[in-house]
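[1] Have a look at this prediction, sequence included:
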Amino acid sequence: MQVQIRKNFSSDNVVPACPAIMAALMAANEGTAPAYGADAWTARLQQVAADVFEHPVQVFPVATGTAANALALAATTPPFGAILCDESAHIVQAECGAPDFYTGGARLLPIPSEDGRMRPDALSYVLDRHPAHNVLNNLPTTLSLTQATEWGTVYDPAQIAELAARARARGMAVHLDGSRLANAIASLGCTPAEATWKAGIDILALGATKNGAMTAEAVLVFDPARAEHFARRRKRGGHDWSKQRFLSAQLLAYLQDDLWLQNARQANAMAHRLAGGLFRHPGARLVYETQANEIFVALPDPAVAHLRAAGYVFREWRTPAGLNGTVIRLVTSYDTHIADVDALLATLAAI
């Protein structure tokens, strides 16, 4: 018998585009407009992004997060280079070698961590073992950080600044995978500038699809030298949309009037409500601190089966040694509401 889905907590990619972005798309669909980024929406996006981030910036819209990350890393990493990232990073775990491909063969060097946040001493340890003068190893040229992390934790600006300083001491660029940057900023209460270039970020893959867009991401380049050939990289990589106004219209609606942060605050609030309820449930154990919109919780196997049978959708995750039961990931979004959270908790309590 097929189980009717009650609520899909498997990802923030599964929810519909939010009404404001759909309205922006419909408005952009009137009449004709110049192609390949020569439209008014893309021009306006450059200024809006500069205002939001309080810094001159070049914005390159793309359709997917993998494209944003891989193209950004290609702009900072030669074929003989190395990209240092956390072992849980999306670029090393879930992008099918796209960074390797777009860089022409650069190597990803994953660094272990306990909660998705790279530690400065761990970064220095790897850098010390890859000295710049040693031509036998790939040259560390890019540090890639993820914000919020794949475990739902968040770097504060000081933590990013410390890592960026150690990378820059070696002449490296700093890339930020910001697929959930809005959630991190909403959690921290800092400004977009404080979370990015003021902390040492050179190039940002800004996510929007997980947070209300239909399909839109962007590469934001804070260092003009990194942007010199980026348009050609995007074209050569097959990500220069002819009808770019439809990407830019989404991103404009996303950034204007703080829609991106409003959506993220809703997602975060629902995650904290859900995590609080799970914390009080007998037999449940939160694996990582819930700082953004992802919850990782270890539940007894019967509880996991009960939730599935009740129609809830979520992903099972790697269960750390020493934990009983099964770790599941629950992801909230702008489209998650109090009733959704409370219904799941009530279902769990009914076991």
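    Done, it's in.
[2] Could you report the pLDDT at the residue lying closest to Thr336 once chain neighbours are set aside?
    Excluding its sequence neighbours, the residue lying closest to Thr336 (Cβ to Cβ, 6 or more residues apart in numbering) is Met270, at 4.2 Å. Backbone N, C-alpha and C define where each C-beta goes, glycine included. Looking at Met270, its pLDDT reads 99.
[3] Can you get me a residue count around Met270?
    24 (other Cβ atoms under 10 Å).
[4] My read is that it contacts Val341, right?
    Yes. Proximity of Met270 to Val341 meets the contact threshold set by Cβ atoms under 8 Å, at 5.5 Å.
[5] intersection of neighbour lists for the two?
    Taking Cβ atoms under 8 Å, 6 or more residues apart in numbering as the contact rule, Met270 and Val341 both touch Thr332.
[6] do you know how far the residue nearest to Thr336 is from Thr332?
    4 Å (Cβ to Cβ, to the nearest Å).
[7] Ala253 now?
    Taken as Cβ to Cβ, the span from Ala253 to Thr332 is 21 Å.
[8] neighbour count winner among these two?
    Neighbours around Ala253 and Thr332, counted as other Cβ under 10 Å, are more numerous at Thr332. The numbers are 29 against 26.
[9] Does the more buried one touch Phe9 like I think?
    Yes. When contacts are counted by Cβ under 8 Å, Thr332 is listed as touching Phe9 (7.1 Å).
[10] what about Asp335, distance to Val15?
    Distance from Asp335 to Val15, by Cβ to Cβ: 4 Å.
[11] Tell me who's in contact with Asn283.
    Actually, residue 283 is Gly. It isn't Asn. 299-300, 303, 325.
[12] Can you tell me how far it is from Thr326?
    Taking Cβ to Cβ, one finds Gly283 at 11 Å from Thr326.
[13] Any chance you could list residues touching both of those two?
    The contact lists of Gly283 and Thr326 share Leu299, where a contact means Cβ under 8 Å, 6+ apart.
[14] first to last residue in stretch 200-208, what's the distance?
    22 Å (Cα to Cα, to the nearest Å).
[15] again, but for stretch 293-309
    End to end - Cα to Cα - stretch 293-309 spans 24 Å.
[16] Pull the residues that contact that stretch.
    By Cβ under 8 Å, 6+ apart, stretch 293-309 touches 3, 12, 148, 151-152, 180, 183, 264, 267-268, 270-271, 274-275, 278, 283-288, 314, 316-317, 319, 323-333, 344, 347-348, 351.
[17] Off-centre distance for the strand ranked longest in the chain?
    As assigned by DSSP state E, the longest strand anywhere in the chain is strand 139-146. Strand 139-146 sits 16 Å away from the centroid of its parent chain (Cα atoms, centre = their mean, to the nearest Å).
[18] again, but for stretch 100-114
    17 Å.
[19] what does it rub up against?
    70-71, 73-74, 77-89, 91-92, 99, 118-119, 122-123, 126, 130, 138, 140-141, 233, 237.
[20] quick one: the helices in the protein?
    According to DSSP state H, the chain carries its helices in the segments 19-28, 40-53, 65-76, 90-93, 98-103, 120-128, 157-168, 181-188, 192-195, 230-236, 245-255, 259-279, 301-309, 338-349.
[21] Serialize these to TSV and add fields for distance to Ile203.
    Supplementary listing: these in TSV, determined by distance: least, Cβ to Cβ, whole Å:
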stretch	distance to Ile203
helix 19-28	24
helix 40-53	12
helix 65-76	5
helix 90-93	13
helix 98-103	13
helix 120-128	18
helix 157-168	12
helix 181-188	13
helix 192-195	14
helix 230-236	9
helix 245-255	16
helix 259-279	19
helix 301-309	40
helix 338-349	36
